[in-house]
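Undergrad: need coordinates for the below:
(2 chains)
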Number of protein chains: 2
Amino acid sequence: MENQDIEFFQNLLGSENVYADKAHRIAYAYDATRTRYEPDLIVFPRDEKDISKILGYCNEKKIIITPRGAGSGFTGGALPAHGGIVLAFEKHMNKILEIDMENMVAVVQPGVVNMDLQKAVEAKGLFYPPDPASENYSTLGGNVSENAGGMRAAKYGITKDYVMALRAVLPNGEVIRAGKRTIKDVAGYNVAGILIASEGTLACISEITLKLIAKPKLSQSVMGVFALVDDAMNAVYKTMAAGVTPVAMEFLDNLSIRAVEEKFHKGLPIDAGAILIADVDGNLQVEIENQLKTLEEKFKENGCIAFKIAKDAQESADLWFARRNASQSITVYGSKKLNEDITVPRNKLPALLQAIKEIAQKYDVKVPCFGHTGDGNVHTNVMVDGSDPQQLEIGHQAIEEIFKITVALGGTLSGEHGIGLSKAPFMHLAFSDAEMELFRSIKKAFDPNNILNPFKMGL
Amino acid sequence: MENQDIEFFQNLLGSENVYADKAHRIAYAYDATRTRYEPDLIVFPRDEKDISKILGYCNEKKIIITPRGAGSGFTGGALPAHGGIVLAFEKHMNKILEIDMENMVAVVQPGVVNMDLQKAVEAKGLFYPPDPASENYSTLGGNVSENAGGMRAAKYGITKDYVMALRAVLPNGEVIRAGKRTIKDVAGYNVAGILIASEGTLACISEITLKLIAKPKLSQSVMGVFALVDDAMNAVYKTMAAGVTPVAMEFLDNLSIRAVEEKFHKGLPIDAGAILIADVDGNLQVEIENQLKTLEEKFKENGCIAFKIAKDAQESADLWFARRNASQSITVYGSKKLNEDITVPRNKLPALLQAIKEIAQKYDVKVPCFGHTGDGNVHTNVMVDGSDPQQLEIGHQAIEEIFKITVALGGTLSGEHGIGLSKAPFMHLAFSDAEMELFRSIKKAFDPNNILNPFKMGL
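TA: Just a heads-up that it's a prediction; the model follows:
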């Protein structure tokens, strides 16, 4: 980057909002992938007008921009892989602008942390359901850009189901509005719909209007232990097809159960094929009880060998302990975790788990699986010795086979993490040439100079 | 259209699937706007391959195509305003391909009538909520293309909330898939998201995968009579902010009540400012009762002077009679109805109704209003003598003022009917030059030769 460019940003934003020094460039080179790309500059817009001026300037000078929330993404969406500017929303654009109780809507800036919004609305009896595992630090701008999911998706859906309207800045600096504070709005193209999950490649989101719902008053947790993982996977979709939609319906396979037990000694059933942990909610005790009854019936019809209902918050926390600590525990199987968030239609879960088992045997790697079975989203972890290039290569081959079977089962490469850099090499497994060509045309329609997070998503 | 073009289509589809005669050209010149544009040809694709070949040929020959479901749209989306071919889905592509009970998903061709799907899934205990007033004849392809709403939107959302995946044919003839049979899918741009509500201008939808939900077992209807329309509008959003979300929350203003009474003599409260009619649903009687209790409380706190709960199906039908017959009754005020489906945030309903009253006085026209207040969607009808050009001109001026106040209140030109031809002249009221320019860029990305339903939506 030339000095005159840096001066432009310093004049525009004040030097306190422009970092060009090495230490900061290193600090903004990372995300949760642990891959590293140093930006030339980090700038902190104070408002939408700043974003507009920054983008307008960069568009003219063909300077690459990477928008960044908390940098907690798993696929490199916020990494400045081709240098240029990191546009960071954390410093100034992190305000909850409005909680509109009458229309049950929140208006936020993109840098607001997910949990900060959850807490603010719950204090008013309202509820913002999307709860990615990163909820304590990831930002809503990032959540929208990746279309973040979470555990509650089984019942409450994902980020896109809550985005009513966006304001955004196009690469040419023009501000656009998309959507309205209304349930219905069919005027013009659904631009908000395509900005969601676009991974910061089409426009910079500058304001988000989110739907809120009434907070359910009651909830209760259950756990079912299954001898066979296949039985557990059948229980998932058969329970839901019976009309019960748990808030969350999570699972751990045998390897994940063993890993948590090895690390925490909680007395988990280490010979079980899988455990399912579910939460149900509602406003009336009888609603809760009806759901628990169906859950118990369907679980037991499908090979559940032990069924436990949590009696209080402590018992609930105990049931959830294994699931919450699965991710950190599976490192007992290897220093490097190649983790993917594949998703299949729920009734394909048994076939998926069987295929993963066979792939693990073929490559002689451990592949513990856990995750959001209620929506078909399985966190699949190929564990290898990260210091051994041969093991890494084998791990990547296993991942590619897992992606292939996922796509063959009607599933997706990514349920919630996005494509970014990490999954870009696999896009050809899931999309035809015509589909990739369409993506490139859409990218060009928004960003003809290719300045906004370019070359991500395999584009 | 040249003879060789007609021959191409006859060879491809068989002459029984190609209509070029005057009678058929007249029959396919209409939609619910009653505006008339004759196509040169009507063709009936038998499958996706046919669509692909038709589009590929037309793209090369620059022949304009207008996709058509049932032709029941209110804004001219299915009108061949620039001639060319009408691509009609009603004859062959009207099959329900699959009702997947395990994943609670339906797969349909675009020509399936909405109500046919509703009945087929309800027979299996499942539920497809979107219920546009045209549900008995409009097709799901049209519903998706216009993002149709309906009465149940207040609780269950609109068409876009049920579209999981689409197959579509691009103008160049390439087939694309968008979305998956999964709740979560964040790989690639959300192309399904932008095809919804694109009014057949971007691609031809060839297959639709829809989310289904469990059918609630119970429902009950209530009616509240309000002396003042303002009170009724306050009651709507205050009830919903209290945590009760009725399936439907509909209203009639005084003029609409009087019109129905004049036509049907049902003993309606002709001095009331408004009536609200609501349905609540659930699986347990206690859930229903809890909702009814809150509804009664909030209605009465906000000026409800008579509150009635329907005891059975007959009483429920009686309560709904006025709403269901409002549209046909208001013709007592004029032979021509300039009807719009404006939508505002719910708490702006009182201000909107007040503004409409003032506009009606200013132009000395009757403007009966009714509709889906639960989601802020008001069917606004400027009634004029259709044979009097001066009255028509005055009516259009009143409409323009209504649009302006709607947009100023944070609302939209269209909650469910789309823009098409009818509302195209008003797009500048709602969208900036930059937003319109972006729409044009998106159109070009999908359809560089501008063959697919061109010049609609003000593009």
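
Undergrad: tell me the contacts of A:Asn453?
TA: A:Ile64, A:Ile65, A:Thr66, A:Pro67, A:Gly77, A:Glu199, A:Gly200, A:Thr201 (Cβ atoms under 8 Å, 6 or more residues apart in numbering or on different chains). (Each C-beta comes from the backbone N, C-alpha and C, glycine too.)

Undergrad: dump the residue contacts of the residue nearest to A:Gly142 when sequence neighbours are not counted.
TA: The shortest distance from A:Gly142 to any non-neighbouring residue, by Cβ to Cβ, 6 or more residues apart in numbering or on different chains, is to A:Gly69 (3.4 Å). Going by Cβ under 8 Å, 6+ apart, A:Gly69 touches A:Ala78, A:Phe89, A:Glu90, A:Pro110, A:Gly111, A:Ser138, A:Thr139, A:Leu140, A:Gly141, A:Gly142, A:Asn143, A:Ser145.

Undergrad: secondary structure element for the residue in the stretch 51-200 of chain A positioned nearest to chain B?
TA: Nearest residue of the stretch 51-200 of chain A to chain B: A:Gly193, at 2.9 Å (Cβ to the nearest Cβ). Assigned by DSSP states H and E, A:Gly193 falls within helix A:191-195.

Undergrad: what residues does the stretch 301-450 of chain A have near chain B?
TA: A:343-347, A:372, A:375-377, A:410-419, A:423, A:427, A:430-432, A:434-435, A:437-439, A:441-442, A:444-446 (Cβ under 8 Å from any Cβ of the partner chain).

Undergrad: in helices only, show me those residues.
TA: A:Met427, A:Ala430, A:Ala434, A:Glu435, A:Glu437, A:Leu438, A:Phe439, A:Ser441, A:Ile442, A:Lys444, A:Ala445, A:Phe446 (DSSP state H).

Undergrad: quick one, which of the residues you listed are buried?
TA: Using 16 or more other Cβ atoms under 10 Å in any protein chain shown as the burial test, those include A:Met427, A:Ala430, A:Ala434, A:Glu435, A:Leu438, A:Phe439, A:Ser441, A:Ile442, A:Ala445, A:Phe446 as buried.

Undergrad: hmm, the last one is touching A:Val191, no?
TA: I take that to be A:Phe446. No. Counting by Cβ atoms under 8 Å, A:Phe446 stays clear of A:Val191, with 9.2 Å between them.

Undergrad: what sits in contact with each of those two?
TA: Common neighbours of A:Phe446 and A:Val191 (Cβ under 8 Å, 6+ apart) are B:Leu438.

Undergrad: count of residues packed around A:Ala317?
TA: 12 (other Cβ atoms under 10 Å in any protein chain shown).

Undergrad: so who does the closest residue to A:Glu301 other than its chain neighbours touch?
TA: Nearest residue to A:Glu301, sequence neighbours excluded (Cβ to Cβ, 6+ apart): A:Lys238, at 7.4 Å. By Cβ under 8 Å, 6+ apart, the contact set of A:Lys238 is A:Lys298, A:Glu301, A:Asn302, B:Glu102.

Undergrad: okay, the contacts of A:Gly69 in TSV with secondary structure, pLDDT and neighbour count next?
TA: Formatted as TSV, the contacts of A:Gly69 follow (DSSP: H, G, I helix; E, B strand; the rest coil; pLDDT from 0 to 100; neighbours: other Cβ atoms under 10 Å in any protein chain shown):
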residue	secondary structure	pLDDT	neighbour count
A:Ala78	coil	97	30
A:Phe89	coil	97	25
A:Glu90	coil	93	18
A:Pro110	coil	98	29
A:Gly111	coil	98	23
A:Ser138	coil	97	22
A:Thr139	strand	98	30
A:Leu140	helix	98	30
A:Gly141	helix	98	28
A:Gly142	helix	98	32
A:Asn143	helix	98	34
A:Ser145	helix	98	30
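
Undergrad: and the strands in the stretch 351-459 of chain A?
TA: Along the stretch 351-459 of chain A, counting by DSSP state E, counting those that start in this stretch, strands occupy A:369-372, A:377-384.

Undergrad: tell me the helices and strands packed up against the longest one.
TA: Helices and strands in packing contact with strand A:377-384 are listed as strand A:336-340, helix A:349-363, strand A:369-372, helix A:389-408; criterion 3 or more Cβ pairs under 8 Å, 6 or more residues apart in numbering or on different chains; DSSP states H and E.

Undergrad: just to revisit the earlier point, what does the helix holding A:Gly193 contact?
TA: A:144-145, A:160, A:163-166, A:168, A:176, A:178-179, A:202-203, A:205, A:442, B:160, B:189-191, B:193-194, B:196, B:435, B:438-439, B:442.

Undergrad: could you rerun that using 6 Å?
TA: A:Val163, A:Leu166, A:Ala168, A:Ala178, A:Gly179, A:Leu202, A:Ala203, B:Tyr189, B:Asn190, B:Gly193, B:Ile194 (Cβ atoms under 6 Å, 6 or more residues apart in numbering or on different chains).

Undergrad: with just CA atoms, put it into PDB.
TA: Taking C-alpha atoms only, helix A:191-195 is exported to PDB below (Å, rounded to 0.1, in the frame of the first residue of the first chain):
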ATOM      1  CA  VAL A 191     -31.000  -8.500  -1.900                       C
ATOM      2  CA  ALA A 192     -30.900  -9.200   1.800                       C
ATOM      3  CA  GLY A 193     -31.400 -12.800   1.000                       C
ATOM      4  CA  ILE A 194     -28.300 -13.000  -1.100                       C
ATOM      5  CA  LEU A 195     -26.100 -10.900   1.200                       C
END
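
Undergrad: C-terminal to it, what's the next element?
TA: Proceeding N to C from helix A:191-195, the next assigned helix or strand is strand A:204-211, under DSSP H and E.

Undergrad: what's the offset of the helix or strand that comes right after that next one from the middle of its chain?
TA: Per DSSP H and E, the first helix or strand lying C-terminal to strand A:204-211 is strand A:213-214. Centroid separation between strand A:213-214 and its chain, computed with Cα atoms, centre = their mean, to the nearest Å, is 22 Å.

Undergrad: again with stretch A:323-332
TA: Worked out by Cα atoms, centre = their mean, stretch A:323-332 lies 18 Å from the chain centre.

Undergrad: going along the chain, name the helices of the stretch 101-250 of chain A.
TA: For the stretch 101-250 of chain A, applying DSSP state H, counting those that start in this stretch gives helices covering A:114-122, A:140-146, A:153-156, A:191-195, A:229-241.

Undergrad: what's the most buried one of those helices?
TA: helix A:140-146 (a mean of 30; mean count of other Cβ atoms under 10 Å in any protein chain shown).

Undergrad: would you put the C-alpha positions of that helix in PDB?
TA: Output of helix A:140-146 as PDB, limited to C-alpha atoms (Å, rounded to 0.1, in the frame of the first residue of the first chain):
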ATOM      1  CA  LEU A 140     -23.800 -10.400  14.300                       C
ATOM      2  CA  GLY A 141     -22.200  -9.000  11.100                       C
ATOM      3  CA  GLY A 142     -20.100 -12.100  10.900                       C
ATOM      4  CA  ASN A 143     -23.100 -14.300  11.800                       C
ATOM      5  CA  VAL A 144     -25.100 -12.800   8.900                       C
ATOM      6  CA  SER A 145     -22.200 -13.000   6.500                       C
ATOM      7  CA  GLU A 146     -21.700 -16.700   7.300                       C
END
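
Undergrad: report all helices and strands that it contacts.
TA: strand A:204-211 (3 or more Cβ pairs under 6 Å, 6 or more residues apart in numbering or on different chains; DSSP states H and E).
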